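> predicted model and sequence follow; I will ask about them next.
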Amino acid sequence: MLEVKQVSKLYENQRGVHNIDFSMQRGEIVGFLGPNGAGKTTTMRMITGYLNPTHGQIQVDGLSMADHPKKARRKIGYLPETPPLYPEMTVQSYLNFIANLRDVPVRDQKKRISDVIGKLGLDGRERQVIRGLSKGYKQRLGLAQAIVHEPDLLILDEPTSGLDPKQIIEIRQLIHELGEKHTVLLSTHILPEINAICNRVLIINQGRVVLDEQPENLGRTMGETFEVSLEVKGPREQVIEQLYGIATVASVKVQDGEGTAEKTAEANSEAMNDNAIYAERDVANDGVNHAASSEIKGSVDGTSESVRLLVTSVEHTDIREALFYRMAQAGYPILEMKRESLSLEDIFLKLTTDEPEVDADA
Ligand SMILES: Nc1ncnc2c1ncn2[C@@H]1O[C@H](COP(=O)(O)OP(=O)(O)OP(=O)(O)O)[C@@H](O)[C@H]1O
């Protein structure tokens, strides 16, 4: 649907974006993230044909933006950061005007406009003057003008910026619905928005794409390990040794009042050798709850009988079931188990807070 090939933009010798290269398939909703000045708006303006790239090529559904700008633009709906509205017009007259501007056939205009009014919840406001609309309704109208000519590709520049929380939820829902029929590229500063509506995320920093991934694969791409935080009722040392008895456990860190300490790989192999002994001990205890034993050492204030641990697996293995069965077998109840993963915020900061690059070919 969209091909952005090695696109660069130079503003009076200052680099806007450098070698941006990505494509979008029909039906994708892609979130475009980046800190202020990263190059999101510049990229979007080039895709929509409002700005010419200094180098590179843009194709929309196989049409080159440089060679066939009019035809290519007809396939795109664009909502800039500030919706291009005429405050003196009414909702209806503005949409009539836009439909004409976008070459919607006159015989189709009435139905098309009534459809977008319905779709964007603008019913009953057709005669209202735009100046009097709330910011949320202006944004709805901005989306309506972007889709009135039924484009295949929607480019939305920070569509929820400046809206209140209720309006944000409504506009997100609308974008989600629009995504069923259109391919969508949306820029945002709101990271949860990506998880809420996008099936792919592009992160841009200092004019370059630094990440292109599906949200569910972000952790793996960033070299994230599979970590589980665990609260177990039982004597700390025995619990740790039991954990190291699981072949797929790579490390165990204690996270209690005495600080975070990591048990090493040697502990792992020792524990694995001792595995049989622990198994025997379990059988001997025959259901006796270890947590009730006098060996239990309290944590922070001596009143708790539980231990908090961070357990990492080898090769990204999901160890949650193994942890459950091992602790159950050993008679140490798991009070809490939670998979730890990098948030989009963590990843964004990791990728965008490096030292500024010195561009060799600048
Ligand atoms: N018309 C212009 N003339 C000169 N430099 C510009 C122009 N427009 C953008 N730039 C520069 O290009 C770079 C990218 O800007 P751009 O507006 O595309 O970033 P952005 O990611 O959209 O930022 P924001 O999130 O703040 O809107 C910045 O360094 C900016 O100063």
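Cool, got the structure.

> okay, CA-based contacts and neighbour counts for the rest of this
OK.

> check contacts around Glu150.
By Cα atoms under 8 Å, 6 or more residues apart in numbering, the residues touching Glu150 are Lys75, Gly77.

> secondary structure element for it?
Assigned by DSSP states H and E, Glu150 belongs to no helix or strand.

> where's it relative to Val104, distance?
Going from Glu150 to Val104 by Cα to Cα, to the nearest Å gives 9 Å.

> for the ligand, what's its nearest residue on the stretch 151-300 of the chain.
Gly207 (6.7 Å; Cα to the nearest ligand atom).

> so what's that residue closest to, chain neighbours aside?
Distances taken as Cα to Cα, 6 or more residues apart in numbering place Val17 nearest to Gly207, at 3.8 Å, with adjacent residues excluded.

> helix, strand, or coil at that neighbour?
strand (DSSP: H, G, I helix; E, B strand; the rest coil).

> start the count at 674, not 1, going forward
From this message on, residue numbering opens at 674, which makes the last subject Val690.

> report how many residues lie close to the nearest residue to Thr985 once chain neighbours are set aside.
The spatially closest residue to Thr985, leaving aside those adjacent along the chain, is Glu900, at 4.4 Å (Cα to Cα, 6+ apart). Glu900 has 24 neighbouring residues, counting by other Cα atoms under 10 Å.

> got the contact list for Glu900?
Residues in contact with Glu900 (Cα under 8 Å, 6+ apart) are Leu983, Val984, Thr985, Ser986, Arg1012, Glu1013, Ser1014.

> mind pulling the model confidence for the last one?
At Ser1014 the predicted local confidence, pLDDT, stands at 75.

> among the contacts of Glu900, which are located in strands?
Mapping these onto strands (DSSP state E) picks out Leu983, Val984, Thr985, Ser986, Arg1012, Glu1013.

> may I ask which of those residues has the most neighbours?
With neighbours defined as other Cα under 10 Å, the most crowded of the ones in strands among the contacts of Glu900 is Val984; it has 25 neighbours.

> that one touches Thr898, doesn't it?
No - shown here, Val984 and Thr898 do not form a contact pair, counting by Cα atoms under 8 Å, at 10.1 Å.

> give the buried residues for stretch 833-850.
Within stretch 833-850, the residues that count as buried by 16 or more other Cα atoms under 10 Å are Thr833, Ser834, Leu836, Gln840, Ile841, Glu843, Ile844, Arg845, Leu847, Ile848, His849.

> inside helices: which ones of those residues?
Counting by DSSP state H, those place Gln840, Ile841, Glu843, Ile844, Arg845, Leu847, Ile848, His849 in helices.

> so can I have JSON lines of these showing pLDDT and distance to Ala1001?
Shown next, in JSON lines, are those (pLDDT from 0 to 100; distance: Cα to Cα, whole Å):
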{"residue": "Gln840", "pLDDT": "78", "distance to Ala1001": "47"}
{"residue": "Ile841", "pLDDT": "82", "distance to Ala1001": "45"}
{"residue": "Glu843", "pLDDT": "81", "distance to Ala1001": "45"}
{"residue": "Ile844", "pLDDT": "82", "distance to Ala1001": "47"}
{"residue": "Arg845", "pLDDT": "85", "distance to Ala1001": "43"}
{"residue": "Leu847", "pLDDT": "83", "distance to Ala1001": "47"}
{"residue": "Ile848", "pLDDT": "86", "distance to Ala1001": "46"}
{"residue": "His849", "pLDDT": "87", "distance to Ala1001": "43"}
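
> which of the residues you listed sits closest to Arg718?
Relative to Arg718, the closest of those is Ile848; by Cα to Cα it sits at 19.6 Å.

> how about the nearest residue to that closest one, chain neighbours excluded?
Closest residue to Ile848 apart from its sequence neighbours, by Cα to Cα, 6+ apart: Ile870 at 7.7 Å.
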